[in-house]
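In: fold the following, please.
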Amino acid sequence: PIKSYVHESRRMAGVLSEFFEISPGKLLLNHRDSLYCLDWKNGIWTPFPVQIQSSSIDGPAGANCYHLGKDSILWIGTFEQGVLGVNLRDNTVTKIPYEPNNENSLTHGLIRDIYQDSQGHLWIATWNSGLNRYDPKTGKNIQIFPNSKEFRGLSGFNLRKIFEDKKGNIWIGTRNGLNK
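Out: Sure thing, here's the model as predicted:
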């Protein structure tokens, strides 16, 4: 049987744009203007301790993609602000911003995908603006594509998905194809 989970205030009526399991029995839900946690075993809704503001009145809460990384850090790719890393133990936030005139920042603020590889690096795919590799230990970001010669053969700028296989190869899906 199907079980429905409806927020008591009915504010959840409308667009539910994304949801993600952050721990067993707990979902993070991105709804029009807020992030919520749903303890689906008990049916309890709570606001997520970190909210992402969008500059767009009608836009979603600003969260576009998620990756639960090492050390209980939830990496959130936003529509405008780059990446936020939320430590789920103490709710501290690490910001990886987009700053247009800074060559050490992300290549764009709209994040399509985030993946943490076996070395601990974050691979960050941006909207039509390339690929970044961020080291959470040092806080250093490297704009890999389109700036790096080794990545000039990618099948497109519109990156969609990043994955690491068992051999440590990074796979990058674009609108035009798959790359290794």
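In: nearest spatial neighbour of the spatially most central residue of the chain, chain-adjacent residues omitted?
Out: The centroid of the chain falls nearest to residue 77 when counting by Cα atoms, centre = their mean (2.8 Å). Among residues not flanking residue 77 along the chain, residue 111 sits closest, at 2.8 Å (Cβ to Cβ, 6 or more residues apart in numbering). Bear in mind the C-beta positions are built from the backbone N, C-alpha and C, glycine included.
In: likewise for residue 129?
Out: The nearest residue in space to residue 129 (Cβ to Cβ, 6+ apart) is residue 108, at 3.5 Å.
In: so that neighbour makes contact with residue 125?
Out: No - judged on Cβ atoms under 8 Å, residue 108 makes no contact with residue 125 at a distance of 9.5 Å.
In: what's the longest strand belonging to the chain packed up against?
Out: Of all the segments of type strand in the chain, defined by DSSP state E, the longest one is strand 16-23. Contacts defined by 3 or more Cβ pairs under 8 Å, 6 or more residues apart in numbering; DSSP states H and E place strand 16-23 against strand 26-31, strand 63-68.
In: for the ones you listed, could you give me CSV that also reports distance to residue 103?
Out: Below are the helices and strands packed on strand 16-23 laid out as CSV (distance: least, Cβ to Cβ, whole Å):
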stretch, distance to residue 103
strand 26-31, 31
strand 63-68, 24
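In: what about those strands, which gets the closest to residue 1?
Out: Closest to residue 1 of the helices and strands packed on strand 16-23, according to Cβ to Cβ: strand 26-31, at 18.9 Å.
In: buried residues in the closest one, which are they?
Out: In terms of neighbour count (16 or more other Cβ atoms under 10 Å), strand 26-31 has its buried residues at 26, 28-31.
In: packing partners of the next helix or strand after that strand?
Out: Tracing the chain C-terminally past strand 26-31 and defining elements by DSSP states H and E, one meets strand 34-39 next. The helices and strands touching strand 34-39, judged by 3+ Cβ pairs under 8 Å, 6+ apart, are strand 26-31, strand 44-47.
In: dump the C-alpha coordinates for the longest one into CSV.
Out: What follows is strand 26-31, C-alpha atoms only, in CSV (Å, rounded to 0.1, in the frame of the first residue of the first chain):
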residue,chain,number,x,y,z
LYS,A,26,15.2,10.6,7.2
LEU,A,27,14.7,12.4,4.0
LEU,A,28,15.7,16.0,3.1
LEU,A,29,12.9,17.5,1.0
ASN,A,30,13.4,20.6,-1.2
HIS,A,31,10.1,22.4,-1.5
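In: could you pull up phi and psi at residue 89?
Out: phi -80, psi -40 (degrees, to the nearest 10).
In: what sits against it?
Out: Counting by Cβ atoms under 8 Å, 6 or more residues apart in numbering, residue 89 touches residue 72.
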